[in-house]
Each structure stands twice: as C-alpha cells, then as structure tokens.
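Novice: Sequence unavailable; structure follows:
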Ligand SMILES: Nc1nc2c(ncn2[C@@H]2O[C@H](COP(=O)(O)OP(=O)(O)OP(=O)(O)O)[C@@H](O)[C@H]2O)c(=O)[nH]1
Ligand SMILES: [Mg+2]
C-alpha cells in the first residue's frame, strides 16, 4: 500500500455501512457521545457529528451516517449517506477517510456494500464489528488474508465493549491509507462476495441459526405471533401502573411534605404563593410521574435491543396494509409512543413519499409519553382501583384501552388519507436482526438518559411555564374588598372564562381551558397547570395538596372522560407541528395536521361528554 505523509491537521472521517452493523455504537465509543443505538435497521436517520483526539494526539472530526443497503438507494435517510460518500452533499465535503463498518456475523449481506464503497476510489478502512458475536457462533475470519484481498486494512472490533475499538484508534493514528485498487468494470459484486467468503471465512454458526428459527416460528406465527405481541403490550401497561405505584407514592409524599414545610415557614403572601402554588406545584405534580415514564421506557428499550421490533413490524404488515400503509411505518409509529418528534424523523427510512407523508400525519395520534401524566391523573381520580378477572388491574386496563383507541384511530385516519389504496412498498422487505439479550448496563444508561431528559424538562420548560401561568393567574390582583378567589379577577381566569363557550359543550370547565394553553408547549404542564389553577382558586388557607381527590370530588365523570379522549387526539403540541413543517417542507401539512387533530379531538370529546350525560354520568 502507498503511504501518504502523516497529517497533524484534523482528520475528517465518516462511518458508513449497512444498517444495524454498529456504526453508532462505534461512534459513541470513539466520541463519547450517547447517540441512539438499537437492534433494528434504520435507527440513525440523519448525519451526526462528533470530535475526539486519538491517543497519539490527532484530532478527528467524525460523521455517523444513516445505514444504507447500497449507494444507489433512494429513501431520504440513505440519500444523505450516498451524497456524503460521493462528495455531493450541499454542506459537507467529501470525507478524507471512509470507515466502513460491517457486522462480522452477517458478511454475506454487508460485504457487498463494502465492495461498492471500494469502487469509489477513496481512502478507506474496514471495521469488522461484532467480533464477540462472531466468536460465540464459531465464525472464523482470516483478517490478514481479507485485508490483502481487499487492499484495505481490516480491523476486528467489539463496539459495545469498553476498549473494544482500540484497533480503530490505532488505524486512525497511522498515516492515511491510499485508495484501494478498484475491481474491473462490470464485476458481479454478488459473485465476488461469494468468492471472498468461500476463501476467508469459515462459518459454523448452525446452532444459533436454529434457535433464531425456532423463536421466529412462534413470533411470526399468524395466530400465536399476534397473541404474543398483544400479551407483551398488555403486560407493559399493567406494569406501568402496578410497578410504579410505591415509587410514585413516595415522590408524592416528598412533594407534599416540601409544600407543607414552605407553607408553614413563610408568611402568607406573593412569595409563598409563587413557591408553593407556582414552583412546587409545577415541578412536584409532574416529577411524580417519573417512575411511570421510566417503566414505559424500560420496556421500549428492552424491546428495541432484543430484535423483536422488526418481527412485530412484519406481523403487523397485513393490518398496516389494510390502512394503506406498510410494515415499514411500524417503527416510526412505535417511536412516536416515546415522542412524536423522533417518530416523525424515523419516517425518513420510508422510501415512498406518499407512505412517508401519511405516516408523518398520523404519528401525532400515537400516544406520546408526555400524555402519560394526564392519563394517570385522570385514571387515578376516576377509575376505581379494582381487579378484573382476578389479575388485571382496571386502571392498567383503561390505560391500555386509551392506547389501543389511539392506535385504531390512527389506522382509520391513515386509511381515509390513503383511501385504502395499498402501500407502494409491497412486498415488505425488512431485515430481521439477530436476537440479543438486552445488556443491563445499556438499559440502565438508556433509562438514566431518559430520566435526565425528563428532569431537565421539568426544571426548565415546565417550571417556567408554570411560573408564567402562576403570574397570569395572580395578576392583576382583585380590587379591594372583592369577593371570591383572586384568580377570578386575574388575566388567566378571564381567558379561561372567555374560552369557556367553545369548550363547555365538551364538558370542560374554565380551569381546564386555562391549562390547555401552556399544555401546547409541553403536554405534562396541563397537569401542573391544573394544580396551580385549583390552588389559587381556593379562598382562604385551604391549600390544595392533592389534586386527585379534589378532581374526583369536583368534576363529573363526563368531564374526566371527555378530557381523556381529548388527550388521545391532543391536537396541541407546538414542537410536533414544527417538526412536521421541517420534514414536509410546507405549512400546508402543518395546517392539515392541526386541523384534523382538533376536529377529531373536539368531535370525540363531544360524543363522550354528551354520551356520558345521556347515560346519567354527566
Ligand atoms: N454483541 C455486539 N453487539 C453490538 C456490537 N456493536 C453494536 N452492537 C449492537 O448492534 C445493534 C445495532 O447497533 P447500532 O450502533 O444502532 O447500529 P447502526 O449501524 O448505527 O444502525 P443504523 O443506525 O440503523 O444504521 C445494537 O443493538 C447494538 O447494541 C458489537 O460489537 N457486539
Ligand atoms: Mg446508527
């Protein structure tokens, strides 16, 4: 190999390879970042940049790129990879070094992409990742021989293990390699891969293949498969309620104690009201939901790592087809259960523009985790803590029902939008990754990350909004000698009353109307806003520590159910609308989404409220 002069300037390198080969795991390992890693194709959908310095002091600027099956692929995420490799990207130059990553247990598929990259005539190295898996399965790779054959340095690595990428660091410290010699024009790459595998790889991985086959037999079974999926989802929502309860009680006691202590120490006045009704009510009422959110994410993380998700997508392909979508929309929609924003981003893996657009438009219908506090508050206040059939908690069942209702509505909306014309991307071609037991350390890290995100949300946007709401609810103060609570005279109170005529038919009172406004910026705030509005609405010193009993005493069942249904569709989330604008490039689709969600929410809440009243529950 020719050697180019060593450089002290920053090296600009990019990670490329098939989806799910561990590029992001390697990126995180090298740069110390915490980008999302999961066991299915299409996790990374946009380029991410990181910087680090090699042991010998060479600064490196590294790009993590979306996985691509080929350099000719056309889905929006793969286009980015293609453009950067070819030096056609509008904002990124051509990398000086391509770090091609492959899954050592899946060379039959992944080597073809390596050969394609090699034809670009760019300096490159090849990282043979997942060597731990390969060893476990008895796959033996002649690394030296392969290096010689390809004209490219081949580096074994285990990107998820500490120090598992030292070979890559060494290679980055070495002088930049020259470009490998290209294959003759018109070489059949498939045949070339077969030839290389036959010479340099010995594969004795029969047993694990048999195990995966056996699992797939059940997980993909037309009758048993959906039953397993249903059981998994069902258990998930049961545990969100039952496991979280003791922790939530403890947090609640803590927040109550703090509120009571501050109230006891400070004299009655604005400062006390700000601390107790604005800040503690704002942060405390929302922090209580942390355990539930973490349990939900524990499930999502475990499912993402296990390799089960693409199987579920495969199972649901037929149901999705009935809605005019394909199984490809499954993972973006599932991600929307965490938050619609990453869900909408994940639609970049969908090649066909119409399928992608419809998936974006229905993603806000999937119940994001910010709605969980609203659901839980209302369920705890209005649904008795009973067991059904001895084992199932009624509250968990209702929660499951709300999620199911949202999913079914999403499918119906998709069907109306596609007019039932089947998805363009059939038959579904999805890569089924290897099954993997989730590593507890990774789960813990993932949960820690979620907890940090949640707490910083509470500490920043949620408390800020709540303090703002507190101010709007406290000013202007009532005129001297006025009767009733101060909030009735305040700006927020007036806005609430002013909105009331629109929302009264669906059973909302003016307090709910007030809470809807800050809920547009962060849905969780609806809960703390209610706490603040009710706290300020009390005359005298009867403080409202506990929102749950207060609501169950003051609201009718119809109002509670109507608000629950409203939040199933919850048209108001500004960040989601902003992402839709960015991903679709026009305001038109933002208007369509906001409009149809509002109409659905209002219509469904109206039916729910009037129906409950008609049945005598109003
Ligand atoms: N056992 C083992 N697992 C690994 C290794 N590297 C990555 N993984 C796992 O492989 C899966 C995929 O890793 P990612 O880093 O998300 O893959 P990616 O190439 O970035 O995938 P896309 O973003 O979809 O293109 C995850 O479940 C990782 O935990 C490895 O060296 N050994
Ligand atoms: Mg990735």
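Specialist: Great, that's in hand. It should be emphasised that the depicted structure is a prediction, and the values quoted were computed from it without experimental measurement. Residues are numbered from 1 along each chain as shown. Ligands and ions are numbered 1, 2, ... in the order given.
Novice: Is the residue in the chain positioned nearest to ligand 1 in a helix, a strand, or coil?
Specialist: Residue of the chain nearest ligand 1, by C-beta to the nearest ligand atom: residue 67 (2.4 Å). C-beta coordinates here come from the backbone N, C-alpha and C atoms, glycine included. What DSSP: H, G, I helix; E, B strand; the rest coil gives for residue 67 is coil.
Novice: Pull the number of nearby residues for the closest residue to it other than its chain neighbours.
Specialist: Excluding its sequence neighbours, the residue lying closest to residue 67 (C-beta to C-beta, 6 or more residues apart in numbering) is residue 19, at 2.9 Å. Other residues near residue 19 come to 22 when the count uses other C-beta atoms under 10 Å.
Novice: Same check on residue 261?
Specialist: Neighbours around residue 261, by other C-beta under 10 Å: 12.
Novice: same question, residue 570
Specialist: Residues near residue 570, counting by other C-beta under 10 Å: 27.
Novice: That one: what's it in contact with?
Specialist: By C-beta atoms under 8 Å, 6 or more residues apart in numbering, the contact set of residue 570 is 364, 371, 523, 597, 601.
Novice: Compare the residues you listed and tell me which is most surrounded.
Specialist: residue 364 (28 neighbours).
Novice: Thought residue 597 was touching that residue, still the case?
Specialist: Yes - taking C-beta atoms under 8 Å as the definition, residue 364 is a contact partner of residue 597 at 6.2 Å.
Novice: For the contacts of residue 570, point out the one with the lowest pLDDT.
Specialist: Lowest pLDDT among these: residue 523, with 82.
Novice: What backbone torsions are found at residue 17?
Specialist: Backbone geometry at residue 17, expressed as degrees, to the nearest 10, gives phi 160, psi 180.
Novice: Over to residue 476?
Specialist: According to degrees, to the nearest 10, residue 476 has phi -70, psi 150.
Novice: Tell me, how many residues neighbour it?
Specialist: 10.
Novice: Show me this structure divided up by domain.
Specialist: Under the assignment the TED database, the domains of the chain span 11-203, 225-420+438-615.
Novice: Next, format these as TSV and append distance to ligand 2.
Specialist: Formatted as TSV, these follow (distance: least, C-beta to the ion, whole Å):
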stretch	distance to ligand 2
domain 11-203	3
domain 225-420+438-615	11
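Novice: Serialize those domains to a markdown table and add fields for distance to residue 215.
Specialist: Shown next, in a markdown table, are these (distance: least, C-beta to C-beta, whole Å):
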| stretch | distance to residue 215 |
| --- | --- |
| domain 11-203 | 14 |
| domain 225-420+438-615 | 9 |
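Novice: weakest of the ones you listed by average pLDDT?
Specialist: With a mean of 86, domain 225-420+438-615 has the lowest mean pLDDT of the domains of the chain.
Novice: Who does residue 15 form a beta bridge with?
Specialist: Under the criterion DSSP bridges, residue 15 forms beta bridges with residue 64, residue 99.
Novice: Surely it and residue 61 touch.
Specialist: No - with contact defined as C-beta under 8 Å, residue 15 does not count as touching residue 61 (12.0 Å).
Novice: Look at those two and report which has more neighbours.
Specialist: More neighbours surround residue 15 than the other of residue 15 and residue 61, with 28 against 16 (other C-beta under 10 Å).
Novice: The more buried one and residue 313: what is the separation?
Specialist: Between residue 15 and residue 313 the distance is 25 Å, computed by C-beta to C-beta, to the nearest Å.
Novice: got it, and residue 558?
Specialist: Taking C-beta to C-beta, one finds residue 558 at 38 Å from residue 313.
Novice: List, one by one, the residues from the chain near ligand 1.
Specialist: By C-beta under 6 Å from any ligand atom, the residues of the chain that approach ligand 1 are 19-25, 37-39, 41-44, 66-67, 129-130, 132-133, 158-160, 305, 436.
Novice: Now go through those residues and say which are in helices.
Specialist: Taking DSSP state H, the ones among the residues of the chain next to ligand 1 that sit in helices are 23-25, 132-133, 305.
Novice: out of the residues you listed, who has the most neighbours?
Specialist: residue 23 (30 neighbours).
Novice: Not counting sequence-adjacent ones, nearest residue to that residue?
Specialist: Nearest-residue entry for residue 23: residue 15, 4.3 Å, with adjacent residues in sequence omitted and distances by C-beta to C-beta, 6+ apart.
Novice: For the one you found, give me its contacts.
Specialist: Counted by C-beta under 8 Å, 6+ apart, residue 15 has contacts 23-24, 26-27, 62-65, 99, 101.
Novice: can you do 10 Å?
Specialist: Applying C-beta atoms under 10 Å, 6 or more residues apart in numbering, we find residue 15 in contact with 21-24, 26-27, 30, 44, 47-48, 50, 62-65, 67, 81, 95, 98-101, 127, 168.
Novice: who's in contact with residue 123?
Specialist: Residues near residue 123 by C-beta under 10 Å, 6+ apart: 4, 13, 95-98, 152, 176-180.
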